[in-house]
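Engineer: only the shape, not the letters, is given here:
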């Protein structure tokens, strides 16, 4: 037996997580999900990255948006709008069942990891999707005006505000999930894969938990990141805009620097070869744009091969 | 100005409430809704009779079922079933918006009456629908086995258990809504209309609140009930079955006896004339089966004419 631990945010990360799930036996993959963008909305506990991972691996994700469920209907939102309630966060009718069920069970005292495991089982997701923590961590964004909640920035304001800083409220007190830390200590750990998610809002909330960076630096297996930057641009989302606003250069190298204390290998698109010429980490060039299911599997194999090569 | 106060449960009562709303100016009608069958389900605060009244008066009720909304979709329930959650209480996608919004606002500290008033305004319901109380009252059913919650009896077990007794938990502490009691004290009160709802589970929870029976007995206007029994049978629901199980005869007269301490006039179907020959209350014979919208308006006019005649 061996184990691969993947750290992932939502849409981009979930593509590689799906690839890994298709090239590894289910029991050899542990996907650790960012919960920094979880929030409470309309009285419901919403966990966007967990849900995107869960729906993607269950084959029920909406292929157009990357988030939410396929074959979705929107009657709830239409009625909610009629009632004058908040409609900036789009909740599909099918998706809503996940939030209602999760909220009910969290209120009854179950942990987020237990609820997630059971929802995954019900949806037929074989690999384990583990929240980075059962304790609440909430990403906050310092804009030029004020600190605001992540989903306010990300969804309501469509990433328009200039980002000055990010903070992970609750991260000091939150404990990384014990199964996550235990996995990083396993002697048969084959690889840790940092999925091509936004480093600032999808991976760094995970890294902000006490003990995680040290555990990544000292684990038995190579830590491989896959760059979310292709050809000097972000594939999707605010990664590039955020880099600029934080005073960083928009390049694959910038992402590797965020992980410098524990990174062993970096999978970078052919287009970005020049940008990473001078980084300290071992680079593996590949086609990193994941359009088809084959692309996802191929990139997963590249990341695993990189780890296996570094281990030898 | 004058005022008509109507006491109502769900489906049957809402038919007459709709009739009253069409023959009276909005400001001359106050509909007091039973909240004894309200309950908490999946973490949501559900108020079936308020919603049936609201949807009926808004013209968005499901004409087939009498409860829920028309043009409904059921994606939420389908997804909830997939997640292995409870699906015995059917929540349509549009209907769900009402429960989510109500729950959110109750949790934020708003009263049920304030939330109801606002939802009615949003849905374009002109007459006021007032919960009988802002405090929780929960109808409980003593079956041959045990005390069970009303919705467990009514929906989950489809009224199959034999009913030995009914109780209204919380009624001792709950205060009748002050606007309800104030309305009954108005000198310009024209009529109180007890809608043709099940007396045991729709009207008696209202009557169980401290001060209500006395206020009905002493109010300035005639109190008129419309019989829910037609031709010795209930039009819909468990009224007749419940009467038998409670050791009462299934007749229009039995309902009048429940209201004997305050009833001034009783509107009864022609078919039931013999059954009410010996009751102490003044009887008005009419066609009480409400099939069309015209039927609802006609019966509303009959009830109001009965009150006006008794007042003279």
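Structural biologist: Yes, it's here. For clarity, every value in this text was computed on a predicted model and none was experimentally measured.

Engineer: all contacts plus neighbour counts: C-alpha atoms, from now on.
Structural biologist: Fine.

Engineer: do you know how far residue A:292 is from chain B?
Structural biologist: 27 Å (Cα to the nearest Cα, to the nearest Å).

Engineer: report how many residues lie close to that residue.
Structural biologist: 10 (other Cα atoms under 10 Å in any protein chain shown).

Engineer: roughly how far does residue A:85 sit from residue B:115?
Structural biologist: Noted for residue A:85: a distance of 12 Å to residue B:115, by Cα to Cα, to the nearest Å.

Engineer: which of the residues in stretch A:167-181 are buried?
Structural biologist: A:167, A:168, A:169, A:170, A:171, A:174, A:175, A:176, A:177, A:180, A:181 (16 or more other Cα atoms under 10 Å in any protein chain shown).

Engineer: any chance of the residues you listed in TSV, plus distance to chain B?
Structural biologist: Shown next, in TSV, are the buried residues of stretch A:167-181 (distance: Cα to the nearest Cα, whole Å):
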residue	distance to chain B
A:167	27
A:168	26
A:169	23
A:170	23
A:171	27
A:174	26
A:175	27
A:176	27
A:177	24
A:180	25
A:181	29
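
Engineer: so which of those belong to helices?
Structural biologist: Counting by DSSP state H, those place A:180, A:181 in helices.

Engineer: helix, strand or coil: sort out residue A:285 for me.
Structural biologist: strand (DSSP: H, G, I helix; E, B strand; the rest coil).

Engineer: residues contacting it?
Structural biologist: Residues in contact with residue A:285, defined by Cα atoms under 8 Å, 6 or more residues apart in numbering or on different chains, are A:267, A:268, A:269, A:270, A:273.

Engineer: likewise for residue A:27?
Structural biologist: With Cα under 8 Å, 6+ apart, residue A:27 has these contacts: A:3, A:126, A:127, A:128.

Engineer: give me the three-state assignment for residue A:152.
Structural biologist: helix.

Engineer: report how many residues lie close to the residue lying closest to residue A:263 once chain neighbours are set aside.
Structural biologist: Spatial nearest neighbour of residue A:263, excluding adjacent residues (Cα to Cα, 6 or more residues apart in numbering or on different chains): residue A:223 at 5.3 Å. Residues lying near residue A:223 (other Cα under 10 Å) number 27.

Engineer: quick one: residue A:35 and residue A:53 touch, right?
Structural biologist: No: applying Cα atoms under 8 Å, one finds residue A:35 not in contact with residue A:53, separated by 11.7 Å.

Engineer: quick check on the closest residue to residue A:264 other than its chain neighbours: phi, psi?
Structural biologist: The spatially closest residue to residue A:264, leaving aside those adjacent along the chain, is residue A:223, at 5.2 Å (Cα to Cα, 6+ apart). Residue A:223 has phi and psi values of phi -100, psi 120 when expressed as degrees, to the nearest 10.

Engineer: contacting residues around residue A:223?
Structural biologist: By Cα under 8 Å, 6+ apart, the residues touching residue A:223 are A:191, A:192, A:193, A:194, A:216, A:262, A:263, A:264, A:265, A:307.

Engineer: in strands, which of the residues you listed fall?
Structural biologist: Using DSSP state E, the members of the contacts of residue A:223 that fall in strands are A:191, A:192, A:193, A:194, A:265.

Engineer: how close does the third one get to residue A:263?
Structural biologist: When you say that, I think you mean residue A:193. 10 Å.

Engineer: and if you look at residue A:311?
Structural biologist: As judged by Cα to Cα, residue A:311 and residue A:263 stand 13 Å apart.

Engineer: next one: residue A:85
Structural biologist: From residue A:85 to residue A:263 the distance is 45 Å (Cα to Cα).

Engineer: these two: who's more crowded?
Structural biologist: Neighbour count, other Cα under 10 Å: between residue A:85 and residue A:263, residue A:263 has more, with 22 against 15.

Engineer: distance check, the more buried one against chain B.
Structural biologist: Residue A:263 sits 38 Å away from chain B, taking Cα to the nearest Cα as the criterion.

Engineer: my guess is that residue contacts residue A:226, does it?
Structural biologist: No: here residue A:263 does not reach residue A:226: they are 10.7 Å apart, not a contact under Cα under 8 Å.

Engineer: for residue A:127, what are its contacts?
Structural biologist: Residue A:127 sits next to A:21, A:26, A:27, A:28, A:29, A:30, A:31 when contact means Cα under 8 Å, 6+ apart.

Engineer: let's see that with 10 Å instead.
Structural biologist: Contacts of residue A:127 were listed using Cα atoms under 10 Å, 6 or more residues apart in numbering or on different chains, and they are A:17-18, A:20-22, A:24-31, A:54, A:57, A:117, A:120-121.

Engineer: overlap of the contact sets of residue A:85 and residue B:115?
Structural biologist: Joint contacts of residue A:85 and residue B:115 (Cα under 10 Å, 6+ apart) are residue B:101.

Engineer: so which bits of the longest helix seen in chain A are buried?
Structural biologist: In chain A, taking DSSP H as the definition, the longest helix is helix A:293-311. Of the residues in helix A:293-311, A:295-304, A:306-307, A:310 count as buried by neighbour count, 16+ other Cα under 10 Å.

Engineer: stretch A:227-246 now?
Structural biologist: Buried-residue list, stretch A:227-246, by 16+ other Cα under 10 Å: A:227-232, A:234-235, A:239-243, A:245.

Engineer: got TSV for the residues you listed, with pLDDT, distance to residue A:157 and secondary structure too?
Structural biologist: Shown next, in TSV, are the buried residues of stretch A:227-246 (pLDDT from 0 to 100; distance: Cα to Cα, whole Å; DSSP: H, G, I helix; E, B strand; the rest coil):
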residue	pLDDT	distance to residue A:157	secondary structure
A:227	97	26	coil
A:228	96	23	coil
A:229	95	23	strand
A:230	95	25	strand
A:231	92	27	coil
A:232	89	25	coil
A:234	85	19	strand
A:235	82	20	coil
A:239	92	15	helix
A:240	92	17	helix
A:241	93	14	helix
A:242	94	14	helix
A:243	94	18	helix
A:245	96	16	helix
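
Engineer: which neighbours do residue A:311 and residue A:263 share?
Structural biologist: Contact with both residue A:311 and residue A:263 is made by residues residue A:222, according to Cα under 10 Å, 6+ apart.

Engineer: and stretch A:64-82, how far apart are its ends?
Structural biologist: End to end - Cα to Cα - stretch A:64-82 spans 26 Å.

Engineer: close to chain B, is it?
Structural biologist: Yes: using Cα under 10 Å from any Cα of the partner chain, we find that stretch A:64-82 touches chain B at A:71, A:72, A:73, A:74, A:75, A:76, A:77, A:78, A:79, A:80, A:81, A:82.

Engineer: show the buried residues in those residues.
Structural biologist: A:72, A:73, A:74, A:75, A:76, A:77, A:79, A:80.

Engineer: quick one, strands of chain A?
Structural biologist: Along chain A, counting by DSSP E, strands occupy A:3-8, A:29-33, A:39-41, A:44-46, A:128-131, A:138-143, A:147-149, A:163-169, A:189-194, A:223-226, A:229-230, A:233-234, A:265-269, A:282-286.

Engineer: for those, which has the smallest mean pLDDT value?
Structural biologist: Per-segment mean pLDDT for the strands of chain A reaches its minimum on strand A:233-234, at a mean of 86.

Engineer: identify the residues contacting that one?
Structural biologist: A:196, A:197, A:198, A:227, A:228, A:239, A:240, A:241, A:250, A:251, A:252, A:272.

Engineer: farthest pair in the residues you listed?
Structural biologist: Spatial extent of the contacts of strand A:233-234 (Cα to Cα) is set by the pair A:241 and A:272 at 18.0 Å.

Engineer: returning to what we had before: for the residue nearest to residue A:264, give the beta-bridge partners.
Structural biologist: Beta-bridge partners recorded for residue A:223 (DSSP bridges): residue A:192.
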